[in-house]
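>>> sequence first, then the predicted structure:
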Amino acid sequence: MGTAEMLTAAGVGSGDEVIVPSYATTGAAEAVRSTGARPVFADIDAQSLCLDPVAVLRALSPRTTAIVPVGLFGHPADLTSFHTLAEARQLVVVEHIEQAPSDAVAVRRRREHAAYLDARLTGVTTPGVAPGVEHSYHSYVVRVPGNGRPDRDAFARALRARGVRCRVPVQTPVHRTPAYRCEVRLPETERAVDDCLALPMAEGMSRRELRRMVSVCNGLGGLLPMAA
């Protein structure tokens, strides 16, 4: 059963509000809208990049009936906090799943790759992992320090020019897309859109490929001028 079907089965419909992250694909918002309810965007946690329970608490209104967290890049959403919050207010929690589960061997290899990169990358902020959480690293998302998007984009161009196939994981937050545009203050979401970059993280990568990526990233020093 998909997210929309689970929301409908829980009685969510027209006139209701459902809290979703904006730093994600449009999938959760689309599922909410298909029930007739209105998606309300809340901010993310700066470390996990997933929906922040504190921000969700601030976004609640008398019309809120559900919360739809989304695990991102392999970091699971804080479901324990959301269920605690929901139980006190008779809300529904429906996790939106965007990535198919990986087999144990693939996850173990990605975690090994991530540990190697965590220990060696400089000039970028490596992925944050909440205490007690097991990250499966569907994507290895770093943050490029500096002046946001200009420095991140310059860094990305320089990496690609040197053969590192990086990508911007979320180009535009959902609340700024034409279909869902609204005025809402989401500072951590906006920062993540501007400075996050996904480095290659395939379970089949060799140690030589990882060493090469570390060498290129560290050689750039983390920051580049726009002309790079």
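Noted; the coordinates are in hand. Numbering: from 1, shown residues only.

>>> and the spatially most central residue of the chain, how close does it get to residue 12?
Geometric centre of the chain, nearest residue: residue 72, 4.0 Å, by Cα atoms, centre = their mean. Using Cβ to Cβ, to the nearest Å, residue 72 is found at 22 Å from residue 12. Where you see a C-beta, it was placed from the backbone N, CA and C, and this is true even at glycine.

>>> kindly report the same for residue 169.
Residue 169 sits 28 Å away from residue 12, going by Cβ to Cβ.

>>> scan this structure for its longest helix.
Identified as the longest helix of the chain according to DSSP state H is helix 104-120.

>>> so what touches it?
74, 102, 126-127, 135-138, 140, 199, 201, 203-205, 207, 210, 213-214, 218 (Cβ atoms under 8 Å, 6 or more residues apart in numbering).

>>> which of these fall in helices?
Using DSSP H, the contacts of helix 104-120 in helices are 207, 210, 213, 214, 218.

>>> just the buried members of these?
Neighbour-count burial (16 or more other Cβ atoms under 10 Å) is assigned, among these, to 210, 213, 214.

>>> any idea how far the residue lying closest to the last one once chain neighbours are set aside is from residue 158?
It stands for residue 214. If the residues on either side of it in the chain are set aside, residue 214 comes closest to residue 120, at 4.7 Å by Cβ to Cβ, 6 or more residues apart in numbering. For residue 120, the distance to residue 158 (Cβ to Cβ) stands at 18 Å.

>>> show me the helices in the chain, by range?
3-9, 27-34, 53-59, 79-89, 104-120, 149-161, 187-195, 207-220.

>>> tell me which of those is the most buried.
When you average the neighbours per residue for each of the helices of the chain (mean count of other Cβ atoms under 10 Å), helix 27-34 leads with a mean of 21.

>>> for it, C-alpha coordinates in CSV please.
Below are the C-alpha coordinates for helix 27-34, written out as CSV (Å, rounded to 0.1, in the frame of the first residue of the first chain):
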residue,chain,number,x,y,z
GLY,A,27,6.6,12.3,-3.9
ALA,A,28,5.3,12.9,-0.4
ALA,A,29,3.6,16.2,-1.3
GLU,A,30,2.0,14.5,-4.3
ALA,A,31,0.7,11.6,-2.2
VAL,A,32,-0.9,14.1,0.3
ARG,A,33,-2.5,16.2,-2.5
SER,A,34,-4.0,13.1,-4.1
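
>>> so where's the chain shaky on pLDDT?
221-228 (pLDDT under 70).

>>> and residue 31, what is it in contact with?
Neighbour list for residue 31: 2, 3, 4, 7, 68, 96 [criterion: Cβ under 8 Å, 6+ apart].

>>> and if we set it to 7 Å?
2, 3, 4, 7, 96 (Cβ atoms under 7 Å, 6 or more residues apart in numbering).

>>> how close does the closest residue in space to residue 201 that isn't next to it in sequence sit to residue 210?
Leaving aside its sequence neighbours, residue 201 sits nearest to residue 140 (Cβ to Cβ, 6+ apart; 3.8 Å). Note on residue 140: its distance to residue 210, by Cβ to Cβ, is 10 Å.

>>> ok, residue 30 next?
Taking Cβ to Cβ, one finds residue 30 at 36 Å from residue 210.

>>> likewise for residue 163?
13 Å.

>>> out of the helices of the chain, nearest to residue 18?
Closest approach to residue 18 among the helices of the chain is made by helix 27-34 (4.4 Å; Cβ to Cβ).

>>> off-centre distance for that closest one?
Centroid separation for helix 27-34 versus its chain: 17 Å, with Cα atoms, centre = their mean, to the nearest Å.
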